[in-house]
Structures are given as structure tokens and as C-alpha cells.
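> Let's see this in three dimensions:
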Amino acid sequence: MQPGKPSRTALAAATHRAAHQVLEQGRVFTDPLALRILGRDADAVAREAKQHPFGRRMRSFIAARTRFAEDALAAAVERGVRQLVVLGAGLDTYAYRTPLGDRLRIFEVDHPSTQTWKRQRLADAAIPIPNSLTFAAVDFERQTLAEGLGTAGFDPLQQTFFTWLGVVPYLSAEATWSTLSFIASHPGGAHVVFDYSNPPASLASEMRTGHEKRAARVAELGEAWVNYFETGELRAKLMARGFTEVEDLGPQQIAARYFPASTRSVPEKGGHIVRAAAVR
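As a prediction, this is how the structure comes out:
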């Protein structure tokens, strides 16, 4: 992120979510607010997406990770979750459209600049802020996640679900494990959904070429991908930090679950979606 400016990759992710509503009619996940919060019409979003066909793979991945996270959250609410923390919320619209608002207290955590930008987008789109939502602006250079949540009124004794989508690739390994350790040690019990990619050197040639092009684009935005994981090593470290349940969907599992009609060959390695839980 550039100082004083909102995240440009957050805008890109929101554009992909909106394009999925238009081009695929929201087949994987439905978001009636995706276009409104962008402040753009469907035709403009569709034209832009069609001009960049290489974005289809990323659009599909973003649709899948959003659906996976929301399904996992719904199941966790039935298991007693009463708080949701959206880490790196960007233009995520879950808090404004969820049918579970009367059962959840929701905290959106983001950099102050991005959060100010989002609140202006919400006002411009006339999207009301629900009573169940609290904004927690956190500048991680000046305060910890625990401090930011504590200031916002977060209850550490309540079982909590954390969504952390589209963030881990931009963080150092140290920052990633610090956050995951905080979640795993949550005294009320916790669940988290996040995504990651296998190291570029482990990808098949075609996938590696596509990855390098996308990585170059986000680097140009000042938000480079710097963090990758080997799947087996990640699982072992999650379990060592206290997570007792780990579900990891790689490219083949994502395709089988969300795009079963696709005829494309699917590589073994690439982008992953993970659900981990440490419930006491």
C-alpha cells in the first residue's frame, strides 16, 4: 500500500467479485452489493473484464474463496460462533448483506486509509451500516491486532470466526505466523479461513508464467506478493500452533467443488484456500 492511499489490490478484488456477478451470474456466490459498492454499472465492469481475459482464473479463484469462507462461517455459527472478524476487509460486503446479522457481532479490520475510503464508498452507494458492525482501523506499524480489536470492543471470550482473504501473499512469513498464532490462542476458540499460493518454482510451466504476469501487475501497484507456502509444511505448522482442524483445498479440489463442469486440466499446485479451527 502507498501511504495515505487505499489498497489498490482491494479495489481489484472487489472488481473481480462484481464481474463474477455479471459474467457468470454469480453462480459460485451471489453478492447483490458488489456493483453498488464499486459505483460502476454492469456493462462497464463486463467490458473491462472481457478486455483482460487472463483475469478469468483469478476471478474464479476469488469467487471460490468467498463462497468457501461464507459457507464455513455459516457452519461455524451453528457450532457457537458469535463474532466475525474480517481481516483486510477492503470492499467486502458480507456485513451488509448477511442473513446472520442478528447472530453475529462483526468487526471489519483494515488500514485507516482503506477503511476511510470504504466508508465513503458505502455512503456514496447508500448502503446502510448495520448495528452489528464495528469498524476497527488498525495501522500495524503502530499497533497490534489485539490492541486494535480491544479498542473496538472485541470480546476475547466469545468463539470467533476470522476471514483473511487476499492478504497472506502480501505479508512477511513472520507477520503471517504472528497473526495465525494470535488466532489459534484465542481463549474463546477460533476459526480462520485464508488463502495462499505454492512457491512459483513448484508450479507447472504454464501456471508459473501466468503467476509471474499477475505478480508483476500487483508489484506495479506497490503491493507485491512476497509470501508462499508448501502445503505439507503449512499444515504441520498450523497443527503445531494449536489448530486441531485443517481443511486445505488446492486447485484440483477447488475445481471439483465449484467448477465441476469445467473441461480445463487443473494443476496440482497453485492457489489454495484453508479453513483451520482451534475450538476448545
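> Look up the closest residue to residue 86, ignoring the ones flanking it.
Leaving aside its chain neighbours, residue 86 sits nearest to residue 108 (4.8 Å; criterion: Cβ to Cβ, 6 or more residues apart in numbering). (C-beta placed from N, C-alpha, C; glycine too.)
> Look at the one you found and give its secondary structure.
Classification of residue 108 by DSSP: H, G, I helix; E, B strand; the rest coil places it in strand.
> give me the beta-bridge partners of it?
Counting by DSSP bridges, residue 108 is bridged to residue 86, residue 135.
> ok, now how distant is it from residue 49?
Residue 108 sits 26 Å away from residue 49, going by Cβ to Cβ, to the nearest Å.
> Between the two, which is the more surrounded one?
Each of residue 108 and residue 49 has its neighbours counted (other Cβ atoms under 10 Å); residue 108 has more, 24 against 19.
> Residue 135 versus that one, what's the distance?
Remark: distance between residue 108 and residue 135 (Cβ to Cβ) = 5 Å.
> what residues are shared contacts of these two?
Counting by Cβ atoms under 8 Å, 6 or more residues apart in numbering, the contacts common to residue 108 and residue 135 are residue 115.
> any idea of the pLDDT on the closest residue to residue 154 other than its chain neighbours?
The spatial neighbour of residue 154 that comes closest, neighbours along the chain excluded (Cβ to Cβ, 6+ apart), is residue 107 at 5.9 Å. At residue 107, the pLDDT value in this model is 98.
> and if you look at residue 55?
86.
> what's the answer for the one 4 residues further on, then?
In the prediction, the pLDDT value recorded for residue 59 is 96.
> Same check on the one 4 residues further on?
According to the per-residue confidence, residue 63 scores 98 in pLDDT.
> wait, what's in contact with the nearest residue to it once chain neighbours are set aside?
Excluding its sequence neighbours, the residue lying closest to residue 63 (Cβ to Cβ, 6+ apart) is residue 28, at 4.0 Å. Residues near residue 28 by Cβ under 8 Å, 6+ apart: 20, 60, 63, 64, 66, 67, 258, 259.
> for the fourth one, phi and psi?
Spelled out, that is residue 64. Main-chain dihedrals, residue 64, degrees, to the nearest 10: phi -70, psi -40.
> OK, contacts around it?
The neighbourhood of residue 64, defined by Cβ under 8 Å, 6+ apart, consists of 28, 254, 257, 258, 259, 273.
> re earlier: could you tell me which residues make contact with the residue nearest to residue 154?
Going by Cβ under 8 Å, 6+ apart, residue 107 touches 83, 84, 85, 86, 133, 134, 135, 136, 149, 152, 154.
> let's see 10 Å
Residue 107 sits next to 83-87, 89, 95, 132-136, 148-149, 152-154, 160, 162 when contact means Cβ atoms under 10 Å, 6 or more residues apart in numbering.
> buried subset of those residues?
83-87, 89, 95, 132-136, 148-149, 152, 154, 160, 162 (16 or more other Cβ atoms under 10 Å).
> For residue 162, grab phi and psi.
phi -110, psi 130.
> what about the strands in the stretch 101-250 of the chain?
105-110, 133-137, 160-164, 190-197, 245-249 (DSSP state E, counting those that start in this stretch).
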